[in-house]
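A.B. asks: Just a sequence and a predicted model for now, questions to come.
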Amino acid sequence: MDIARRSFHYLDQRYRLREPLEYQLNKRIPSHLNWTNCFGGMTFVMFGIQLLTGVLLAFYYRPTMDEAYPSVLRIMQEIPFGGFVRGLHAWTANAMIAMAILHMLKVFSIGAFRPPREFTWVSGVLLFFVTVTFGFSGYLLPMNQLAYWATTVGTQIAGALPFVGGYAQIFLLGGSQITGETLTRFFALHVLVLPGVILVLLAAHFTMIRRQGISDPL
Ligand code: HEM
């Protein structure tokens, strides 16, 4: 403990950390808040779990047609705690979507989308879209029968969009059917593009919330 205190003192002398830290830690919470206000924070905790378990899975997963499924089998059967980490990643993905829906219903029910919080709501809608796309892109990665057919159905739904459907389907698949191209695209989306996008959106969401505070009761 002493070493922690001394390290903090060392950094505090140089960067004056105490004041902003105390401001954050001692911020008073409005008395009208209740446990339903935790849904947003819980969604964020789940995102943290996904980040951690996702990195662990990426140490062993291989994004090619021949190796994807065997690498997942290896994670399940040979890597210590591999089955646990994969199960946690899959279950938390579902739980994160459920929690985001609860959070959305909560903020909708108290009318928190009204001025001046319109952009918090808009960033939330985008966050929800990104969260669902995380789930969709992750579902193909094990490359088993379930993954293959679920992605076939999902990309056909995208293909039914008016005007842009055909392009969207070809863009997602990297061709006219599921191949190694599709797997590479979904992998890039899942581990590169979406994490970057969600971090930017979360930063915007949280900055707006901290600037405006939590909304008052109706
Ligand atoms: C990854 C997904 C999301 C995370 C991690 C997240 C996180 C949070 C957190 C921590 C708060 C502050 C505490 C609270 O009021 O719950 C919050 C507030 C808010 N969120 Fe989200 N959120 C997410 C998605 C969404 C979605 C899908 C919507 C709506 C479409 C949304 C709209 C809002 C609004 C309007 C507020 C302000 C609430 C108020 O001032 O009373 N968020 N969010």
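C.D. replies: Great, that's in hand. Residues are numbered from 1 along each chain as shown.

A.B. asks: At the contact with the ligand, which residues of the chain appear?
C.D. replies: Contact residues (C-beta under 6 Å from any ligand atom) of the chain with the ligand: 37, 39-41, 43-44, 47, 100, 103-104, 107, 110, 112-113, 117, 120-121, 124-125, 127-128, 131, 205, 209, 214-215. (Each C-beta comes from the backbone N, C-alpha and C, glycine too.)

A.B. asks: quick one: which of these sit in helices?
C.D. replies: Counting by DSSP state H, the residues of the chain next to the ligand place 39-41, 43-44, 47, 100, 103-104, 107, 120-121, 124-125, 127-128, 131, 205, 209 in helices.

A.B. asks: that older thread, so among the residues of the chain next to the ligand, which ones count as buried?
C.D. replies: 37, 39-40, 43-44, 47, 100, 103-104, 107, 110, 112-113, 117, 120-121, 124, 127-128, 131, 205, 209, 214-215 (16 or more other C-beta atoms under 10 Å).

A.B. asks: tell me the secondary structure for Gln24?
C.D. replies: helix (DSSP: H, G, I helix; E, B strand; the rest coil).

A.B. asks: Pull up the gap between Gly165 and the ligand, please.
C.D. replies: Counting by C-beta to the nearest ligand atom, to the nearest Å, the separation of Gly165 from the ligand is 25 Å.

A.B. asks: which residues does the closest residue to that residue other than its chain neighbours contact?
C.D. replies: Setting aside the residues directly before and after it, Gly165 is nearest to Gly159 in space (C-beta to C-beta, 6 or more residues apart in numbering), at 4.7 Å. Residues near Gly159 by C-beta atoms under 8 Å, 6 or more residues apart in numbering: 165-166, 168-169.

A.B. asks: what about 10 Å?
C.D. replies: Contacts for Gly159 (C-beta atoms under 10 Å, 6 or more residues apart in numbering) come out as 165-170, 172-173.

A.B. asks: tally of neighbours for Val164?
C.D. replies: Using other C-beta atoms under 10 Å, Val164 has 11 other residues around it.

A.B. asks: And the pLDDT at it?
C.D. replies: With respect to pLDDT, Val164 scores 97.

A.B. asks: right, and it touches Ala158 too?
C.D. replies: Yes: taking contacts as C-beta atoms under 10 Å, Val164 lies within contact range of Ala158: 9.0 Å.

A.B. asks: Report the distance from the lowest-mean-pLDDT helix or strand in the chain to the chain centre.
C.D. replies: Of all helical and strand segments in the chain, the minimum by mean pLDDT, DSSP states H and E falls on helix 18-25, at a mean of 91. How far helix 18-25 lies from its chain's middle: 28 Å, per C-alpha atoms, centre = their mean, to the nearest Å.

A.B. asks: list the helices and strands that helix packs on?
C.D. replies: Under the contact criterion of 3 or more C-beta pairs under 10 Å, 6 or more residues apart in numbering; DSSP states H and E, helix 18-25 touches helix 2-15.

A.B. asks: residue ranges with poor pLDDT in this protein?
C.D. replies: Applying pLDDT under 70 to the chain flags no residue at all.
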